[in-house]
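1. how would this look folded up:
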Amino acid sequence: MIYREILTLQTRGKGTYEISDEVSSVVAKSGVVDGVVTVFNRHTSSSLVLMENADPSARRDLEEYFDRLVPEDTDYFIHTYEGADDMPSHIRMALTRSSETIPVAEGKMMLGTWQGLFVFEHRRAPHRRELVVTVMG
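-> Purely as a prediction, here's the structure:
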């Protein structure tokens, strides 16, 4: 059995946005009891991360780390058509993930106690993001 749904998320700019509940709802709607759920982010300037969801400071540290790892206004970037955050957002996406696969058992995602699934927005401006959620079982 395969069930697919597209979720949309409106970001407010750079940061992490938890989507665990939304994906859990899709899993519940699918009727799959045992299997996997795959979430695919259809963009090249945002990504997906599994991250701690209990303490927001862990996500803020992640965001700060990436800001320092791939800074904006780097003078050797050529791909800057959409601004100083254009190329850094693509590199940050390439260093993280475009998709995540999570086991499903008894109709629920098998995330760990402190795990959450997040869209990691790498652009400063708000964006509408589409996520393809496929549940198989």
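
2. biggest helix in this protein by residues?
-> helix 56-69 (DSSP state H).

3. residues of that one that come out buried?
-> The neighbour-count check on helix 56-69 (16 or more other CB atoms under 10 Å) flags 59, 62, 63, 66 as buried. In short, each C-beta sits where N, CA and C put it, glycine included.

4. same question, stretch 6-13
-> By neighbour count on 16+ other CB under 10 Å, the buried set for stretch 6-13 is 7, 9, 11.

5. what about the helices in this structure?
-> Using DSSP H, helices in the chain cover 20-30, 56-69, 86-95.

6. what's next to stretch 85-96, contact-wise?
-> Stretch 85-96 is touched from outside by 14, 43-49, 66, 69-72, 74, 77-80, 120, 122-124, with contacts defined as CB atoms under 8 Å, 6 or more residues apart in numbering.

7. give me that answer again for 10 Å
-> 13-14, 41, 43-49, 62-63, 66-67, 69-74, 76-83, 120-125, 127 (CB atoms under 10 Å, 6 or more residues apart in numbering).

8. Buried among those residues? Make that a ChimeraX selection.
-> A single ChimeraX command suffices to select whichever of these are buried according to 16+ other CB under 10 Å:
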select :14,41,43,45,46,47,48,62,63,66,70,77,120,121,122,123,127
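
9. Contact partners for the residue lying closest to residue 106 once chain neighbours are set aside?
-> In this structure, residue 106 finds its nearest non-sequential neighbour in residue 33, 6.4 Å apart by CB to CB, 6 or more residues apart in numbering. Contact partners of residue 33, counting by CB under 10 Å, 6+ apart, are 1, 27, 104, 105, 106, 107, 108, 137.

10. same question, residue 116
-> 16, 18-21, 23, 49-54, 59.

11. Can you say which of those are buried?
-> 16, 19, 20, 23, 51, 52, 53, 59.

12. And the third one, how far from residue 87?
-> Relative to residue 87, residue 20 is positioned 30 Å away (criterion: CB to CB, to the nearest Å).
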